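Visitor: Starting from these lines, generate the structure:
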Amino acid sequence: MKTLYFQCNMGAAGDMLAGALLELHPDPQGFLRRFNALGIPGVEATTAPSVKCGITGTHFSVTVHGEEEASHDVPFALAGHHHHDHPHDHDHPHDHDHPHDHDHPHDHDHPHDHDHPHDHDHPHDHDHTHDHDHSHGHHHHAGMGEIRHILSHLDLPDTVREDVLAVYQLIGEAESHAHGVPVEQVHFHEVGALDAVADITAVCLLLHELAPDQVLCSPVHVGSGQVRCAHGILPVPAPATAYILQGVPTYGGAVQGELCTPTGAALLKHFVTAFGPSPVMRVEKTGCGMGTKDFEAMNGVRALWGQTEDAPGDQVAELSCNLDDMTPEALGFAMEQLLAAGALDVFTTPIGMKKSRPGVMLTVLCRLEDREPLVRAMFRHTTTLGVREHLCQRYTLARSQQERQTPWGPVRVKTASGWGVTRQKPEYDDLSRIAKEHSLSLQAVAEQLEK
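Guide: Numbers count the residues shown, from 1 in each chain. Predicted structure coming up:
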């Protein structure tokens with residue numbers, strides 16, 4: 001299957017991902033022309049060769065009304081507040097009250113990027129010499145509604161528009177959590193929002209046109225140490241980035257500063273099917289999206305494009321026991337606890353036992369490393385005196401989940417692919433919620449979504 005693998009050994013950011021994907025695209029210049037013709041207000045994207053550690057890659061940059069915004073990657077604000085007056089500026093991607101923000105190439109993606117040692121997501125802020133964003137607060141602010149309005153006027157495939165909104169939603173939820181405010185009060189500075197829309201839209205559109213069967217990624221290097229911001233010192237990664245990367249394997253290292261931006265984190269979280277070592281693959285092409293600063297390690301994201309065989313399968317443990325003296329309620333509780341403890345699946349099978357007693361066989365599927373805690377849970381929550389174990393080889397489809405916007409609000413859609421098949425299915429809980437709220441049948445909601 002067509003596989004895309006991201007190596008994020010120096011973190012990830014929107015422009016780095018875009019640069020790497022552009023190198024994989026069969027017609028990068030044609031893509032840029034079509035991208036600039038989309039009509040994102042005042043936005044123009046350009047590329048230039050960039051050499052890091054002797055390796056040549058692509059540097060992707062965006063200007064808004066001819067200016068390279070110093071804090072363009074989803075600058076955060078609260079409704080009714082200017083950034084320099086807001087008590088949470090330390091967690092905002094543009095610390096305009098910091099006297100040196102305009103000299104830091106990637107403040108736009110981090111609340112405190114001015115201390116970030118590599119500007120891989122903000123390749124052009126170092127040339128920015130305008131104070132329009134730093135002290136006056138005279139630009140308008142855009143919330144999620146304005147972002148949707150901008151996207152509604154772009155000639156994009158529906159799936160790409162949905163991907164962009166889903167990535168923005170991840171960032172908005174992270175900022176909401178970090179600042180303790182509702183998502184609708186998370187607003188984005190006008191110029192910065194346009195720059196971020198460009199980065200996010202470019203990555204989403206590139207992935208749409210490349211159309212990999214699966215997107216995989218290495219564990220993400222987030223950097224280490226602390227960063228100084230407008231109102232204090234915070235640990236790496238920033239709160240919003242850390243929130244987005246929950247559930248994603250990450251690590252720190254010798255590089256001081258924040259290597260993964262909220263936009264980079266959200267794009268990876270949305271598109272990547274699995275994080276881990278590079279799979280066995282026949283690599284056909286590589287792409288490098290470069291940052292701006294120089295380090296001992298290559299400051300960039302590398303993307304590998306190639307073919308992988310359908311997954312040969314992996315091993316799981318099948319744990320089972322026979323039960324004839326538990327009530328249905330107790331058995332149901334035990335199944336819930338086993339799932340909560342990490343079981344891949346839990347099910348029962350009716351069986352006939354000794355002395356002609358009807359009973360059930362409780363079966364638990366789990367990863368090999370989870371066997372011991374699940375055996376303990378089976379003994380704790382059931383009346384069994386013994387648990388059997390079988391090692392099984394299983395074959396699975398690659399699974400991912402995306403969020404689609406509907407007239408009733410967002411609906412999660414699960415995609416499964418591999419072994420020559422691809423299928424999608426909306427999340428039952430979302431269909432059930434919509435059906436109840438609008439007095440519709442489950443089938444009617446599903447049919448409407450298919451249209």
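Visitor: Secondary structure element for the spatially closest residue to Ala274 that is not a sequence neighbour, which one?
Guide: The shortest distance from Ala274 to any residue other than its chain neighbours is 5.5 Å, reached at Leu216 (C-beta to C-beta, 6 or more residues apart in numbering). Where you see a C-beta, it was placed from the backbone N, CA and C, and this is true even at glycine. In this structure, Leu216 sits in strand 214-217 according to DSSP states H and E.
Visitor: Just want to check the distance between Thr58 and Leu24.
Guide: 10 Å (C-beta to C-beta, to the nearest Å).
Visitor: list the contacts for Met290?
Guide: Residues near Met290 by C-beta atoms under 8 Å, 6 or more residues apart in numbering: 16, 19, 50-52, 57-59, 120, 123, 298-300.
Visitor: same check, this time on Leu365
Guide: Contacts of Leu365 by C-beta under 8 Å, 6+ apart are Val316, Ala317, Glu318, Leu319, Ala343, Leu344, Asp345, Val346, Cys392.
Visitor: hmm, which of those residues are the buried ones?
Guide: Val316, Ala317, Glu318, Leu319, Ala343, Leu344, Val346 (16 or more other C-beta atoms under 10 Å).
Visitor: CA-only coordinates of the helix or strand hosting the first one in PDB, if you can.
Guide: Following DSSP H and E, one finds Val316 within strand 314-323. What follows is strand 314-323, C-alpha atoms only, in PDB (Å, rounded to 0.1, in the frame of the first residue of the first chain):
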ATOM      1  CA  ASP A 314       0.700  -9.100  14.900                       C
ATOM      2  CA  GLN A 315       0.500 -11.300  17.900                       C
ATOM      3  CA  VAL A 316      -2.100 -10.900  20.600                       C
ATOM      4  CA  ALA A 317      -3.000 -13.000  23.600                       C
ATOM      5  CA  GLU A 318      -6.300 -14.700  24.000                       C
ATOM      6  CA  LEU A 319      -7.200 -15.100  27.700                       C
ATOM      7  CA  SER A 320     -10.300 -17.200  28.600                       C
ATOM      8  CA  CYS A 321     -12.100 -18.800  31.500                       C
ATOM      9  CA  ASN A 322     -15.300 -20.700  32.000                       C
ATOM     10  CA  LEU A 323     -17.900 -19.300  34.400                       C
END
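Visitor: any idea which helix or strand comes after that strand?
Guide: Using DSSP H and E, the helix or strand that follows strand 314-323 towards the C-terminus is helix 328-340.
Visitor: starting at the chain centroid, how far to that next one?
Guide: 32 Å (C-alpha atoms, centre = their mean, to the nearest Å).
Visitor: Output the contacting helices and strands for the helix or strand just after that helix.
Guide: Downstream of helix 328-340, the next assigned helix or strand under DSSP H and E is strand 345-353. Here strand 345-353 touches helix 328-340, strand 357-367, going by 3 or more C-beta pairs under 8 Å, 6 or more residues apart in numbering; DSSP states H and E.
Visitor: What is the subsequent helix or strand relative to the last one?
Guide: Next in sequence after strand 357-367, counting helices and strands by DSSP H and E, comes helix 371-381.
Visitor: Could you pull out the buried residues of that following helix?
Guide: Those would be Arg371, Leu374, Val375, Ala377, Met378, His381, for helix 371-381 by 16+ other C-beta under 10 Å.
Visitor: got the residues you listed as CSV, with distance to Gly291 columns?
Guide: Listed next are the buried residues of helix 371-381 as CSV, based on distance: C-beta to C-beta, whole Å:
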residue, distance to Gly291
Arg371, 43
Leu374, 44
Val375, 48
Ala377, 46
Met378, 50
His381, 51
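Visitor: I'd like those written out as TSV, with pLDDT and distance to Leu338 added.
Guide: Converted to TSV, the buried residues of helix 371-381 look like this (pLDDT from 0 to 100; distance: C-beta to C-beta, whole Å):
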residue	pLDDT	distance to Leu338
Arg371	92	12
Leu374	96	6
Val375	97	10
Ala377	96	6
Met378	97	7
His381	97	7
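Visitor: In CSV, list the buried ones among the contacts of Leu365 along with distance to Thr250.
Guide: Converted to CSV, these look like this (distance: C-beta to C-beta, whole Å):
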residue, distance to Thr250
Val316, 26
Ala317, 27
Glu318, 32
Leu319, 31
Ala343, 25
Leu344, 24
Val346, 30
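Visitor: Let's have the residues you listed in a markdown table, adding pLDDT and distance to Gly66.
Guide: Converted to a markdown table, these look like this (pLDDT from 0 to 100; distance: C-beta to C-beta, whole Å):
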| residue | pLDDT | distance to Gly66 |
| --- | --- | --- |
| Val316 | 91 | 57 |
| Ala317 | 93 | 61 |
| Glu318 | 96 | 63 |
| Leu319 | 97 | 64 |
| Ala343 | 95 | 57 |
| Leu344 | 95 | 54 |
| Val346 | 97 | 60 |
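Visitor: Return the member of the residues you listed nearest to Gly42.
Guide: Leu344 (49.4 Å; C-beta to C-beta).
Visitor: pLDDT value on Met361, please?
Guide: If you check Met361, the pLDDT there is 97.
Visitor: does Arg161 really touch Leu151, like I thought?
Guide: Yes: because the distance of 5.2 Å satisfies C-beta atoms under 8 Å, Arg161 is recorded as touching Leu151.
Visitor: Any idea which of the helices and strands packed on strand 345-353 gets closest to Pro249?
Guide: Of these, nearest to Pro249 by C-beta to C-beta is strand 357-367, at 14.9 Å.
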